[in-house]
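Engineer: Let's see this in three dimensions:
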Amino acid sequence: MLKIKRFTCENQVQECVTDNNNVRFGFTLESDRKGASLKKALLKLNNWECETVEQISIPYLGEELKPFTKYTAFLEVEDDSGEKASETMTFETGRLNEPWQGKWITDGKYIFKENKISPVPMVFRKVIETKKTIKNAKLYVTAMGCYEFNIDGEKVGTDYFAPGFTSYKHSLQYQAYDITCMLNGKNTLEAVVGGGWAVGAFVFTRKNRISADRQALLAEVRITYTDNSE
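Structural biologist: Got it, this is the predicted structure:
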């Protein structure tokens with residue numbers, strides 16, 4: 001029996017949120033027939049189709065993807081004996097080129113000049129109210145430093161030390177979290193932002209403030225209601 005063991009988008013099986021308009025797909029196969037090999041694979045997304053014998057980093061070359069949209073990709077494979085298997089997977093687009101409506105915030109009064117130590121964590125809070133029935137809600141968030149986000153005291157997501165280590169002067173990653181089930185009319189959003197690799201003491205020399213003088217947070221909640229208003 002031919003089986004698609006793993007079908008990925010941007011190397012992720014699920015919960016993929018990407019800003020790559022030419023998303024890359026991959027898959028692995030499993031068969032109980034000895035010596036089975038791939039004859040061809042058909043990949044479909046939107047109105048785009050691709051027949052290939054590749055299994056790694058297959059780029060999507062169809063029409064431009066829309067931001068903040070969930071897509072379903074379809075994969076059908078056939079082995080050298082004519083046996084077939086199929087699978088679907090979903091992924092979401094992030095912001096793509098959509099500008100942030102949220103603004104960077106920091107504590108401008110905090111002067112941090114000490115060497116070889118990390119800064120005092122900053123805490124940001126905001127109370128929000130929703131008066132209509134929520135269809136879905138997403139939190140998009142990043143920081144100069146590392147953050148932990150909570151809603152009414154409950155941690156959002158399973159990440160630690162987000163947004164992660166990167167070359168902050170060239171690329172700043174952001175995360176997308178589904179918070180639909182965490183909003184219930186009136187909620188307190190809270191973010192604790194530490195120094196991380198961008199501001200805090202780093203490597204054996206304990207150098208700090210490598211990419212910024214102090215922490216900062218950028219966060220945006222996007223809510224779609226059941227009447228399709230946003």
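
Engineer: Below-threshold pLDDT in the protein: ranges please.
Structural biologist: Within the chain, the set of residues satisfying pLDDT under 70 is empty.

Engineer: all helices of it, in order?
Structural biologist: 196-199 (DSSP state H).

Engineer: Output stretch 206-225 as PDB, nothing but the C-alphas.
Structural biologist: Taking C-alpha atoms only, stretch 206-225 is exported to PDB below (Å, rounded to 0.1, in the frame of the first residue of the first chain):
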ATOM      1  CA  ARG A 206      28.500  39.500  28.000                       C
ATOM      2  CA  LYS A 207      28.200  42.300  25.400                       C
ATOM      3  CA  ASN A 208      24.700  43.900  25.500                       C
ATOM      4  CA  ARG A 209      22.700  46.400  23.400                       C
ATOM      5  CA  ILE A 210      24.000  44.800  20.200                       C
ATOM      6  CA  SER A 211      20.900  45.700  18.100                       C
ATOM      7  CA  ALA A 212      18.900  48.200  20.200                       C
ATOM      8  CA  ASP A 213      19.400  50.500  23.200                       C
ATOM      9  CA  ARG A 214      16.300  49.000  24.900                       C
ATOM     10  CA  GLN A 215      13.400  46.600  24.300                       C
ATOM     11  CA  ALA A 216      10.400  47.400  22.200                       C
ATOM     12  CA  LEU A 217       7.200  45.500  21.300                       C
ATOM     13  CA  LEU A 218       5.100  45.400  18.100                       C
ATOM     14  CA  ALA A 219       1.700  43.600  18.400                       C
ATOM     15  CA  GLU A 220      -1.500  43.600  16.500                       C
ATOM     16  CA  VAL A 221      -4.800  41.700  17.100                       C
ATOM     17  CA  ARG A 222      -6.900  41.100  14.000                       C
ATOM     18  CA  ILE A 223     -10.500  40.000  14.700                       C
ATOM     19  CA  THR A 224     -13.000  38.800  12.100                       C
ATOM     20  CA  TYR A 225     -16.600  38.800  13.400                       C
END
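
Engineer: Name the residues of it that come out as buried.
Structural biologist: Across stretch 206-225, burial judged by 16 or more other CB atoms under 10 Å covers 208-209, 211-212, 214-219, 221-223. The way it works is simple: take the backbone N, C-alpha and C, and place the C-beta from them, glycine included.

Engineer: now stretch 141-154
Structural biologist: 141, 142, 143, 144, 145, 146, 147, 148, 149, 151.

Engineer: Over to stretch 185-201?
Structural biologist: 187, 189-201.

Engineer: same check, this time on stretch 121-134
Structural biologist: 122, 124, 134.

Engineer: can you check stretch 81-92 too?
Structural biologist: Buried residues in stretch 81-92 (16+ other CB under 10 Å): 85, 89, 91, 92.

Engineer: same check, this time on stretch 7-18
Structural biologist: So, applying 16+ other CB under 10 Å, buried residues of stretch 7-18: 7, 8, 9, 16, 17, 18.

Engineer: Distance to residue 103 for the residues you listed - can I get that in a markdown table?
Structural biologist: Shown next, in a markdown table, are the buried residues of stretch 7-18 (distance: CB to CB, whole Å):
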| residue | distance to residue 103 |
| --- | --- |
| 7 | 38 |
| 8 | 35 |
| 9 | 31 |
| 16 | 27 |
| 17 | 22 |
| 18 | 24 |
